[in-house]
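A.B. asks: for reference, the sequence and a predicted model appear below.
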Amino acid sequence: MGTISHAISPKLSLPHQNTVRSYAFSRSNHRFQTLMPSKVSRKVRVFAELRKQSTSSIDFSDPDWKTKFQRDFEQRFRLPHITDIFEDAVPIPSTFCLKMRTPLNGDFPGNYPSDEEWHGYINNNDRVLLKTIYYSSPTSAGAECIDPGCNWVEQWAHRAGPREKIYFKPEEVKAAIVTCGGLCPGLNDVIRQIVITLEIYGVKRIVGIPFGYRGFSDTELTEVLLSRKVVQNIHLSGGSLLGVSRGGPSVSEIVDNLEARGINMLFVLGGNGTHAGANAIHDECQKRRLKVAVVGVPKTIDNDILLMDKTFGFDTAVEEAQRAINSAYIEAHSAYHGIGIVKLMGRSSGFIAMHASLASGQVDICLIPEVPFNIHGPHGVLNHLQYLLDKKGSAVVCTAEGAGQNLVQKTNATDASGNIVLGDIGVRLQQETKKYFKEIGIHADVKYIDPTYMIRACRANASDGILCTVLGQNAVHGAFAGFSGITVGIINTHYAYLPIPQVISHPRLVDPNSRMWHRCLTSTGQPDFI
Ligand SMILES: Nc1ncnc2c1ncn2[C@@H]1O[C@H](COP(=O)(O)OP(=O)(O)O)[C@@H](O)[C@H]1O
Ligand SMILES: O=P(O)(O)OC[C@H]1O[C@](O)(COP(=O)(O)O)[C@@H](O)[C@@H]1O
Ligand SMILES: [Mg+2]
């Protein structure tokens with residue numbers, strides 16, 4: 001058994017899972033272990049199981065397991081590079097140097113600006129530590145351990161930023177930007193930074209592909225010429241200057257189109273699905289021996305991309321969601337026996353609901369997809385609502401859209417990208433609450449708020465604005481450094497490049513054993529609804 005396999009049990013399959021897994025499992029959860037040992041939910045068990053599965057093929061009795069693990073880890077986090085295909089590719093000194101700016105007229109050949117003394121570059125051996133907590137025991141709260149003894153194993157990702165040598169001559173670059181999936185605050189900020197940074201390198205040909213991947217096949221959609229002048233103020237509004245879409249052409253059609261247009265740098269802004277597409281585009285380019293750099297920037301208000309502190313747009317979404325919760329609270333608090341129900345986005349991950357509940361401090365019940373619950377019965381949500389009306393006179397429920405999908409009618413439908421169209425848990429909760437209190441003869445004034453599209457259509461807040469700026473700049477640095485099939489993220493407040501498969505092997509979920517979920521439960525004061 002000395003080898004580390006990446007296989008995962010098919011019954012635990014999650015969307016887009018393919019070749020890689022994150023290595024971690026969580027053992028601690030005093031709350032679940034001591035308060036409800038027999039009631040540990042199926043989902044919680046599945047979550048722990050998923051984590052355990054990922055390490056199950058490591059032979060921990062092998063004295064070399066740690067070295068083998070780290071060698072395997074290093075291999076998995078190695079960044080694909082142009083030289084994997086073009087072994088003879090010769091780099092040139094970077095044209096990105098803030099001390100000696102790129103000449104405005106852009107006359108490069110034989111005259112690349114560089115400054116050997118300038119220490120503003122990232123060394124290719126620089127790394128960012130992925131996990132920063134040393135858990136002295138697997139029973140430490142929220143412990144993420146690789147082995148049963150919870151040994152300390154360093155896991156390093158590649159540091160993002162400008163390199164001293166670049167693999168593209170700016171005058172030979174045609175760069176394209178595409179935004180896919182649903183809207184997300186900050187898309188325009190990232191587009192803007194990519195364009196500005198490309199120009200600083202000296203790139204003159206920059207285009208936007210309209211309406212996501214669809215823009216690669218729909219002949220009526222023409223590319224949008226981009227420059228600093230065009231993008232100067234786009235971050236002042238939400239949405240995407242380029243438009244977004246779900247679904248679209250096949251990967252081979254997209255690559256045909258890239259070839260036809262002469263695009264050799266592609267910046268892809270999107271979530272799990274978009275990144276799966278970006279990785280497939282990268283693979284196809286390698287197969288066809290095309291010198292194209294494909295770099296992703298993770299976009300999703302759901303925050304469901306693995307390994308990073310957060311994705312851009314999430315912070316803004318939480319801030320906006322908090323406003324909706326506040327309205328629900330005021331409505332509920334001002335009514336006799338008022339109950340406010342707010343539904344927030346989060347297809348498979350409850351991060352927005354959890355963080356908005358924590359931020360607002362006004363939520364009594366937070367429901368997320370990762371933690372199952374009952375509506376009816378002695379431990380159900382309705383019973384607790386009745387208790388809250390009795391004790392406090394009002395109550396606020398915050399639910400993620402993906403929560404309690406076992407309690408709503410299945411739609412059996414998928415969207416153009418293949419995402420499951422969810423049943424409406426918000427409406428179900430509203431109906432069941434009204435019915436319940438009517439049946440038991442207690443007055444309840446139920447107000448339902450669904451602010452979902454308002455939350456993602458707004459402009460990025462200051463914190464997301466900065467995140468977008470850094471991610472956009474680093475995406476361009478990564479492409480010029482010759483990397484492809486990578487994405488960029490913030491990890492422990494530092495910026496790193498990650499191979500795309502590592503961040504999309506499954507959606508990042510709220511760990512019901514995590515300190516954060518426990519903090520949320522402490523804040524709401526809610527019991528388990530099972
Ligand atoms: N597995 C996949 N392989 C290739 N392309 C994909 C894949 N999944 C989704 N896509 C494409 O990525 C785009 C965005 O996907 P979607 O799931 O809607 O949003 P997001 O990227 O935000 O998760 C769509 O155009 C879709 O066709
Ligand atoms: O109505 P739409 O455009 O399909 O978007 C709804 C989806 O958007 C999301 O907030 C984000 O999804 P993406 O990351 O795929 O864009 C999901 O939680 C939600 O189900
Ligand atoms: Mg998605």
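C.D. replies: It's in. Ligands and ions are numbered 1, 2, ... in the order given.

A.B. asks: only C-alpha atoms for contact and neighbour calcs from this point on.
C.D. replies: Will do.

A.B. asks: quick one: the strands in the stretch 51-200 of the chain?
C.D. replies: 92-93, 127-129, 144-145, 156-159, 165-166, 174-179 (DSSP state E, counting those that start in this stretch).

A.B. asks: worst mean pLDDT among the ones you listed?
C.D. replies: The stretch with the lowest average pLDDT out of these is strand 144-145, scoring a mean of 90.

A.B. asks: re the thing from before, for the strands of the stretch 51-200 of the chain, give me JSON lines that also has distance to residue 451 and mean neighbour count.
C.D. replies: Formatted as JSON lines, those follow (distance: least, CA to CA, whole Å; neighbours: other CA atoms under 10 Å):
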{"stretch": "strand 92-93", "distance to residue 451": "50", "mean neighbour count": "16"}
{"stretch": "strand 127-129", "distance to residue 451": "37", "mean neighbour count": "17"}
{"stretch": "strand 144-145", "distance to residue 451": "34", "mean neighbour count": "24"}
{"stretch": "strand 156-159", "distance to residue 451": "37", "mean neighbour count": "22"}
{"stretch": "strand 165-166", "distance to residue 451": "45", "mean neighbour count": "20"}
{"stretch": "strand 174-179", "distance to residue 451": "23", "mean neighbour count": "26"}
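
A.B. asks: pull out the buried residues from the helix or strand harbouring residue 208.
C.D. replies: Using DSSP states H and E, residue 208 maps to strand 205-209. Neighbour counts over strand 205-209 (16 or more other CA atoms under 10 Å) mark 205, 206, 207, 208, 209 as buried.

A.B. asks: out of the strands of the stretch 51-200 of the chain, which comes closest to residue 379?
C.D. replies: strand 144-145 (29.9 Å; CA to CA).

A.B. asks: can you report how many residues neighbour residue 354?
C.D. replies: 25 (other CA atoms under 10 Å).

A.B. asks: what of residue 352?
C.D. replies: 27.

A.B. asks: quick check: it touching residue 346?
C.D. replies: Yes: with contact defined as CA atoms under 8 Å, residue 352 counts as touching residue 346 (6.7 Å).

A.B. asks: so residue 485 versus ligand 3, what's the distance?
C.D. replies: Going from residue 485 to ligand 3 by CA to the ion, to the nearest Å gives 18 Å.

A.B. asks: can you pull the contacts of that residue?
C.D. replies: By CA atoms under 8 Å, 6 or more residues apart in numbering, the residues touching residue 485 are 79, 80, 278, 279, 282, 283, 293, 294, 295, 296, 499, 500.

A.B. asks: and those residues, which of them are buried?
C.D. replies: Buried, going by 16+ other CA under 10 Å: 79, 80, 278, 279, 282, 283, 293, 294, 295, 296, 499, 500, out of those.

A.B. asks: make TSV from those and add pLDDT, secondary structure and distance to ligand 2 to it.
C.D. replies: Output for these, formatted as TSV (pLDDT from 0 to 100; DSSP: H, G, I helix; E, B strand; the rest coil; distance: CA to the nearest ligand atom, whole Å):
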residue	pLDDT	secondary structure	distance to ligand 2
79	98	coil	24
80	98	coil	25
278	98	helix	14
279	98	helix	16
282	98	helix	20
283	98	helix	22
293	98	strand	23
294	98	strand	19
295	98	strand	17
296	98	strand	14
499	98	strand	19
500	98	helix	15
